[in-house]
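model the structure of this input:
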Amino acid sequence: MKRPIADNSSYYRDVMRILRIAGTLLPIAVIPLGFLVQRGVLDNRFYVNDTWFAALSIAFVVTAIGQYFLTRYRPTPENYLLLSVVYHIVGIAFILTVTGFLSPAIICWVALMLAVDTYFGTTAFILSALTLILTGWASLILSGATPNEYTTVGLFCAFIIAVGFTVSRIRSVTDRERRALTKSREDENFQRERLITLVNSMGDAVVTTDEEGAIKIYNAATLNLLDTNASLTNKKIDRVLRLFDENDKRIRAVDLAKARGVVFTRTDLIHKFNDGEQINLYINFSPIQLSYQGAGDKGFIFILRDITKEKSLEEERDEFISVVSHELRTPVAIVEGNISNLRILQDRGADQATLNHALDDAHDQIMYLAKMINDLSTLSRAERGLDGSTEDIDTAAFLHELYNSYVDSAQKKHLKLDLDIQPHLPHITTSRLYLEEVLQNFLTNAIKYTKEGSVTLIGHKVRGGVYFAVQDSGIGISKSDQRHIFERFWRSEDYRTRETSGTGLGLYVTQKLAGKLGVKIEFESRLNHGSTFSFIVKTTRE
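Sure, this is the predicted structure:
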């Protein structure tokens, strides 16, 4: 037996309200028939006496009032079952001791069958129908009926059951169609939401328009590319996207898409901002067509990407070499100066403490150079795809090994290193070297920038993958610094950051490695409250 309906849709609220009202008005339909029987207008062979009739009438009214309030304010399965049983008992008693079976009152049984079918399903409907048949059979025995009356009662039962069954099946079909329609709408909304989510998750700007170029869907990357916060919905794309070719001739995106009629790309177009700035664009033009022939265009999809930097790749490489040379020149000069100074101090017979200080400075700079060379080497390998071979990794064992290798480093700073991993972590297939370097960078930074508290290495199973994270209670990152942390050679001006050595390449290299792993680094940080760096690696098997 299924539970009474707990659907919050307007359809089912209306159904339950109709049944509640019908149950409340039932005495108004039945009790007047009893009066007609009492007066002899209708067959009164079954009528017992006025007292019994009055008692049953009061029972009907009390039941009707009770069901109204119970189904409205306490619609529990137990209350629905109680009311169904009471209505059947009072109805049977009224038929067998007041009106008889062959009276208009028997039509109300249709409402009873529909109610229990709605509340509890087909099984309850069958039980109600069987109860009707037994009531008819009992009335025949009590009245000493003739063979003709047996036939009439049988026809009455068949008619009532047929009407109830027909109405019930019509309602059932309506319910199925409504559920199918609701599911179809939900699927449509889900697909639309998934499409919008997919579009919003893309790094490239995506814009869909109708046939006339009015924008219908766009993602956040579009607003970022066009440097605007204004809504673009229903605006003409050629008003917000001011395209020019290399000859400074104005190009209209929709006209270009209509003229070609197929998917194509352009990398020679420029978008000009109102303030005179301009960017080089990669644009993919895609007409939206229905799956059957002759449907015609229903709009266009434009995928846009700023390739200004790609156009000046050579300049960027030159700039990188220049910056690296500059960054290397400073520590080399310091090392050279300290060593030269050390020789002079030795010749002059300086004390050992002074000599040690010069040696320490030189050593620190050598370690700085070694770190930078290591970072550049890692970056170079990642860019060329070296050491990126994948293998099956036992995630739990991998995290334990990583944890054990950093326990001593944390203890030397009087920090607590925790390992938070869930049992039965799935295996993953990825580059062990890249994954290890990413997490090592997170752990190194967490320990370096945490003066007191704890650092936690996390491995949790999530849908479709394994969630890796390193959480610390360190100095945190200010909001103004957060948008720069993945830039090469960038270090925060926070004095606490400057107290420790660093090349400014760690997170830049880490992001490059994350790209090779096919993961996206997420981070949350609050100044003076710590940081959490995380990413999800997809699993190949559970």
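
do a quick rundown of the helices in the stretch 101-250 of the chain.
Along the stretch 101-250 of the chain, counting by DSSP state H, counting those that start in this stretch, helices occupy 109-120, 122-143, 147-201, 220-226, 237-240.

list the buried ones in the shortest one?
Judged by neighbour count using 16 or more other CB atoms under 10 Å, the buried positions of helix 237-240 are 237-238, 240. Quick note: C-beta positions are derived from backbone N, CA and C, even for glycine.

follow-up on the earlier one: okay if I get the helices of the stretch 101-250 of the chain as JSON lines plus distance to residue 431 and mean pLDDT?
Output for these, formatted as JSON lines (distance: least, CB to CB, whole Å; pLDDT from 0 to 100):
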{"stretch": "helix 109-120", "distance to residue 431": "59", "mean pLDDT": "83"}
{"stretch": "helix 122-143", "distance to residue 431": "58", "mean pLDDT": "87"}
{"stretch": "helix 147-201", "distance to residue 431": "23", "mean pLDDT": "80"}
{"stretch": "helix 220-226", "distance to residue 431": "28", "mean pLDDT": "88"}
{"stretch": "helix 237-240", "distance to residue 431": "41", "mean pLDDT": "90"}
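
in CSV: those, plus distance to residue 101.
Formatted as CSV, the helices of the stretch 101-250 of the chain follow (distance: least, CB to CB, whole Å):
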stretch, distance to residue 101
helix 109-120, 10
helix 122-143, 4
helix 147-201, 6
helix 220-226, 72
helix 237-240, 75
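
do you know which of those helices lies nearest residue 539?
helix 147-201 (19.6 Å; CB to CB).

can you tell me which helices and strands the closest one packs against?
On a contact count with 3 or more CB pairs under 8 Å, 6 or more residues apart in numbering; DSSP states H and E, helix 147-201 meets helix 109-120, helix 122-143, strand 215-218.

using PDB, write out the CA atom coordinates for the longest one.
The C-alpha atoms that make up helix 122-143 are tabulated as PDB, following Å, rounded to 0.1, in the frame of the first residue of the first chain:
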ATOM      1  CA  THR A 122      -5.200   0.100  -7.100                       C
ATOM      2  CA  THR A 123      -5.200  -2.400  -4.200                       C
ATOM      3  CA  ALA A 124      -7.400  -0.100  -2.100                       C
ATOM      4  CA  PHE A 125      -9.700   0.500  -5.100                       C
ATOM      5  CA  ILE A 126     -10.200  -3.300  -5.500                       C
ATOM      6  CA  LEU A 127     -10.900  -3.700  -1.700                       C
ATOM      7  CA  SER A 128     -13.500  -1.000  -1.900                       C
ATOM      8  CA  ALA A 129     -15.100  -2.600  -4.900                       C
ATOM      9  CA  LEU A 130     -15.200  -6.000  -3.100                       C
ATOM     10  CA  THR A 131     -16.800  -4.300  -0.100                       C
ATOM     11  CA  LEU A 132     -19.500  -2.900  -2.400                       C
ATOM     12  CA  ILE A 133     -20.200  -6.400  -3.700                       C
ATOM     13  CA  LEU A 134     -20.400  -7.800  -0.200                       C
ATOM     14  CA  THR A 135     -22.700  -5.000   0.900                       C
ATOM     15  CA  GLY A 136     -25.000  -5.700  -2.100                       C
ATOM     16  CA  TRP A 137     -25.000  -9.400  -1.200                       C
ATOM     17  CA  ALA A 138     -25.800  -8.700   2.400                       C
ATOM     18  CA  SER A 139     -28.700  -6.500   1.400                       C
ATOM     19  CA  LEU A 140     -30.200  -9.300  -0.700                       C
ATOM     20  CA  ILE A 141     -30.000 -11.700   2.200                       C
ATOM     21  CA  LEU A 142     -31.500  -9.200   4.700                       C
ATOM     22  CA  SER A 143     -34.400  -8.400   2.400                       C
END
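
now the angle from it to helix 147-201?
With axes from the mean of the first three to the mean of the last three CA atoms, to 10 degrees as the basis, helix 122-143 and helix 147-201 are set at 170 degrees to each other.

in helix 122-143, which residues are buried?
Using 16+ other CB under 10 Å as the test for burial, helix 122-143 gives 124-125, 127-129, 131-132, 135-137, 139-140, 143.

any idea which of the residues you listed is closest to residue 426?
Residue 426 lies nearest to residue 124 out of the buried residues of helix 122-143, by CB to CB, at 46.0 Å.

no further questions, thank you.
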